[in-house]
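Undergrad: Coordinates for the following, if possible.
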Amino acid sequence: MDEFMQQWQQRQCFAQVMVTPSSCIGPCGMGPNILVYPEGILYNNVSKADVGEIFDQHLLGGTPVDRLKAPADMW
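TA: Residues are numbered from 1 along each chain as shown. Have a look, this model is predicted:
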C-alpha cells in the first residue's frame, strides 16, 4: 500500500487514479491483492517491484498486466 501511495503522489495522477486501502477482499491467501475498477481486474501476489508496472501499463496506459492477473476461477 505504501508503494502505491508513494507512486501515486510522485506521478501526481490524482485526477486519473484513486488509491483506496481496504482489508481482505476475498483471496487473502493469494495476496497482496490489488483490485482495479471499473474493469474489475484482480491482481494477486503483487510485490513492491510490480507497482510501477501496474501504474505504467494498466492504470495510466489502459492495458492490464496479464502476468499478475488472478486466475478467473479465483475471482
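Undergrad: Mind jotting down where the helices sit in this protein?
TA: Shown for the chain, the helices assigned by DSSP state H span residues 2-11, 51-53.
Undergrad: Show me the one of these that comes nearest Asn33.
TA: Comparing the helices of the chain against Asn33 with C-beta to C-beta, the closest turns out to be helix 2-11 (12.0 Å). No exception for glycine: its C-beta is placed from N, CA and C like everyone else's.
Undergrad: Against which helices or strands is the closest one packed?
TA: helix 51-53 (3 or more C-beta pairs under 8 Å, 6 or more residues apart in numbering; DSSP states H and E).
Undergrad: Need the contact partners of the helix it packs on.
TA: 3-4, 7, 65, 68 (C-beta atoms under 8 Å, 6 or more residues apart in numbering).
Undergrad: one step back: among the helices of the chain, which is the most enclosed?
TA: helix 51-53 (a mean of 16; mean count of other C-beta atoms under 10 Å).
Undergrad: and that helix, what's its mean pLDDT?
TA: Mean pLDDT, computed over helix 51-53, is 97.
Undergrad: contacting residues for the most centrally placed residue in the chain?
TA: Closest residue to the average C-alpha location of the chain: Ile34 at 3.8 Å, with C-alpha atoms, centre = their mean. With C-beta under 8 Å, 6+ apart as the criterion, the residues that contact Ile34 are 4, 42-44, 46, 54, 68.
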